[in-house]
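**Q** what follows is a protein structure lacking sequence information:
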């Protein structure tokens with residue numbers, strides 16, 4: 001049974017439907033970046049077939065991508081700072 005109120009926010013999974021976990025989307029995105037879109041699309045599609053929404057899978061993908069990018073930027077900045085400090089102390 002699905003309830004539509006004009007948008008996907010009114011869509012509910014039927015009782016007893018087991019929707020796919022978001023864990024694989026998060027893990028694949030964290031490890032392989034953009035390739036996390038593959039499990040997000042697959043699990044989102046399956047969830048929609050079961051009467052759920054694909055939004056949680058795309059949100060998991062997006063949030064994990066942003067967090068990964070921020071961590072990579074911080075790591076890169078730290079490496080550059082460490083190299084600059086090593087170069088200035090060697091001079």
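**A** Perfect, thanks for sending it. Quick caveat, the model's predicted, so the values are computed rather than measured.
**Q** could you list the low-pLDDT ranges of the chain?
**A** 1-16 (pLDDT under 70).
**Q** just the helices from it, written as ranges.
**A** Assigned by DSSP state H, the helices in the chain fall at 23-32, 37-49, 55-90.
**Q** next up, the contacts around the spatially most central residue of the chain.
**A** Centroid check for the chain by Cα atoms, centre = their mean gives residue 61 as the closest residue, at 1.7 Å. Residue 61 makes contacts with 25, 29, 36-37, 40, as judged by Cβ atoms under 8 Å, 6 or more residues apart in numbering. Backbone N, C-alpha and C define where each C-beta goes, glycine included.
**Q** circling back to that earlier point, using CSV, lay out the helices of the chain together with distance to residue 17.
**A** Rendered in CSV, the data for the helices of the chain read as follows (distance: least, Cβ to Cβ, whole Å):
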stretch, distance to residue 17
helix 23-32, 18
helix 37-49, 9
helix 55-90, 14
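**Q** for burial, what's the neighbour tally of the nearest residue to residue 60 once chain neighbours are set aside?
**A** Distance criterion Cβ to Cβ, 6 or more residues apart in numbering; nearest residue to residue 60, sequence neighbours excluded, is residue 22 at 4.3 Å. Using other Cβ atoms under 10 Å, residue 22 has 20 neighbouring residues.
**Q** touching, residue 22 and residue 58? I think so.
**A** No. Counting by Cβ atoms under 8 Å, residue 22 does not reach residue 58; the two are 9.9 Å apart.
**Q** shared neighbours, those two?
**A** Common contacts of residue 22 and residue 58 (Cβ under 8 Å, 6+ apart): none found.
**Q** neighbouring contacts of stretch 82-91?
**A** Outside stretch 82-91, no residue touches it (Cβ under 8 Å, 6+ apart).
**Q** roughly how far does residue 70 sit from residue 63?
**A** 11 Å (Cβ to Cβ, to the nearest Å).
**Q** just residue 18 next, same as before
**A** 23 Å.
**Q** just want to know which of those two has more residues nearby.
**A** residue 63 (12 against 8).
**Q** quick one: the more buried one from residue 40, how far?
**A** 11 Å.
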